[in-house]
Structure formats: C-alpha cells, structure tokens
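Asks: coords below, sequence missing:
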C-alpha cells in the first residue's frame, strides 16, 4: 500500500528560543521528563536517550492511574540544532489508537529553523498504518508541543 498524506501528521510551531535550545529540549533526558506529557496528569519517570545515529531511546509515560506507556526507537539522523529523525514504536500493545495493537515502526522527523529571534519547528510523525492511529496521536503531540512552548529549561 503506498504511503499517503493520511499516514502523516504534521505540526508546525514557533518557539521563543534558539534552534539549538529547542533541539536541546528534545535531546536532553531531564528536559524530556518535564515537557513530554501527552495528557494532563501524566508523568515521565524514565527518559533514557543515546542521541547519536544508531543510538536508541526509551521513554516511559505514566498515567495518573499508574499505567505505564512505553515508547522506544532508534535515532536515524542527528544534526544538532537543525534536524532530528527517529523511529517511534509502542511495543507494549496498549495502542494509542484504542485497538490494543502495538504501534510499530513509525517515523518522526523534527526540523528546527531560525525565524527572527526564535525557532520555527516542523514536527512530522509519518508511516501510520491508518488515519485512526494518526488522529489518535494528534492530541498527544499537540499537548507535548504546548508544554514545550512554556518549558523553561
């Protein structure tokens, strides 16, 4: 099946910080633990990251009821202050789309561009299996980007 726009989620945001600072927020475990919250009341107790091409990450998101949601992946491209590309998988099977099926082998690309005294960031999550899964991720990623906008590293 060919990949189409229905398999892609793209969000563009402008931040009042340099591209290097916004990039650092995405790649520093202590920062990720503070802003990477897809829903109100969740916490990030684990953010293990080896930010290099071929390096991996593991993020544990814990809901208020104590359920852990795990995301893992591998960094495919790392250009500090400019571009970050990594796989995104949810192997535990809780399935963000409500199906209970694992979310495997999707791809996240984040591009950072200087815009005035700030940064325009384009966030793309691609290779969803269907529109239901893509749409289920939109609220979570929007929440994370909203928190990033107010993050004080």
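Replies: Happy to help now that I have it. Everything quoted here is computed from the prediction, not taken from an experiment. Residues are numbered from 1 along each chain as shown.

Asks: Going by C-alpha atoms from here, please, whenever you check contacts or count neighbours.
Replies: OK.

Asks: and the lengthiest helix in the chain, which residues are buried?
Replies: The single longest helix within the chain, with elements called by DSSP state H, is helix 131-150. Across helix 131-150, burial judged by 16 or more other C-alpha atoms under 10 Å covers 133-135, 137-138, 140-149.

Asks: and if you look at stretch 27-45?
Replies: Applying 16+ other C-alpha under 10 Å to stretch 27-45 flags 27-29, 31-39, 42-44 as buried.

Asks: Could you check how far that stretch is from the centre of its chain?
Replies: Mean-position distance between stretch 27-45 and its chain equals 10 Å (C-alpha atoms, centre = their mean, to the nearest Å).

Asks: ok, of the buried residues of helix 131-150, which one's closest to residue 86?
Replies: residue 141 (15.1 Å; C-alpha to C-alpha).

Asks: Now for that closest one: which residues touch it?
Replies: Residues in contact with residue 141 (C-alpha atoms under 8 Å, 6 or more residues apart in numbering) are residue 38.

Asks: Quick check: it vs residue 9, distance?
Replies: 9 Å (C-alpha to C-alpha, to the nearest Å).

Asks: again with residue 109
Replies: Relative to residue 9, and taking C-alpha to C-alpha, residue 109 is found at 11 Å.

Asks: Could you list the low-confidence segments of the chain?
Replies: 1-6, 92-104 (pLDDT under 70).
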